[in-house]
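In: my questions are about this predicted structure, shown below with the sequence.
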Amino acid sequence: MAYINTSPGSADEVVLTLTTDAAAGDLVVSGMTDITVSNANDIFTWSQMDESAKLQIPTTATNNISGNFVVDEDVMNGDGTSPAGSAALLGLSGLSKTKVETNFTINVGSKTWSGVGYVTQLALSSAAETPTWQSPITIAVSGEYTIT
């Protein structure tokens, strides 16, 4: 069995990268504190008169990438120097605000998870115990993600 070691500095460190089709300029979301890749199948449920329990079958899935990160100003607001329309210029807030379909890749061990989706659920917060800004992030995956 090969466990995936996601500790900082390991060869298997998790990195989230976002790009747009509009222009070159990758946005690497640094400072990730946790990440979750979810696949939730919807279930169609019905009752039949000849059964004592409900019957169920899976239907289409809802896929999401979510996590939390320590906010870097350029990652959140864009770097101001990258090509027009690029993820690096727009930053996470620009990608979310303008609802730009975003290509994402995440390395997970020796595999890469990739797909397209929309940046949502940004919510900046800070507290006396955490003297940096932090935010959750969700990428609502449009369709399937692939694993290569």
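Out: Right, received. Where do you want to start?

In: only C-alpha atoms for contact and neighbour calcs from this point on.
Out: Will do.

In: Asp42 contacts Asn63, correct?
Out: No - Asp42 lies out of contact with Asn63 (C-alpha atoms under 8 Å); the separation is 10.7 Å.

In: the more surrounded of the two?
Out: Asn63 (19 against 12; other C-alpha atoms under 10 Å).

In: neighbours around the closest residue in space to Thr132 that isn't next to it in sequence, how many?
Out: Setting aside the residues directly before and after it, Thr132 is nearest to Ser126 in space (C-alpha to C-alpha, 6 or more residues apart in numbering), at 6.1 Å. Neighbourhood size, Ser126 [other C-alpha under 10 Å]: 12.

In: can you give me the distance of Ser126 to Asn107?
Out: Counting by C-alpha to C-alpha, to the nearest Å, the gap between Ser126 and Asn107 amounts to 28 Å.

In: tell me the pLDDT at Ser7?
Out: At Ser7, the model reports a pLDDT of 65.

In: before we move on, what SS does the residue lying farthest from the centre of the chain have?
Out: Using C-alpha atoms, centre = their mean, the residue of the chain lying farthest from its centre is Asp50. It sits 43.9 Å away. Secondary structure, DSSP: H, G, I helix; E, B strand; the rest coil: Asp50 is coil.

In: where does it fall, phi/psi-wise?
Out: For Asp50, the backbone dihedrals (degrees, to the nearest 10) come out as phi -90, psi 10.

In: same question, Glu73
Out: phi -60, psi -40.

In: mind checking what secondary structure Ser93 has?
Out: At Ser93, secondary structure determined by three-state DSSP is helix.

In: could I get the contacting residues of the residue farthest from the centre of the chain?
Out: Contact analysis of Asp50 by C-alpha atoms under 8 Å, 6 or more residues apart in numbering lists nothing.
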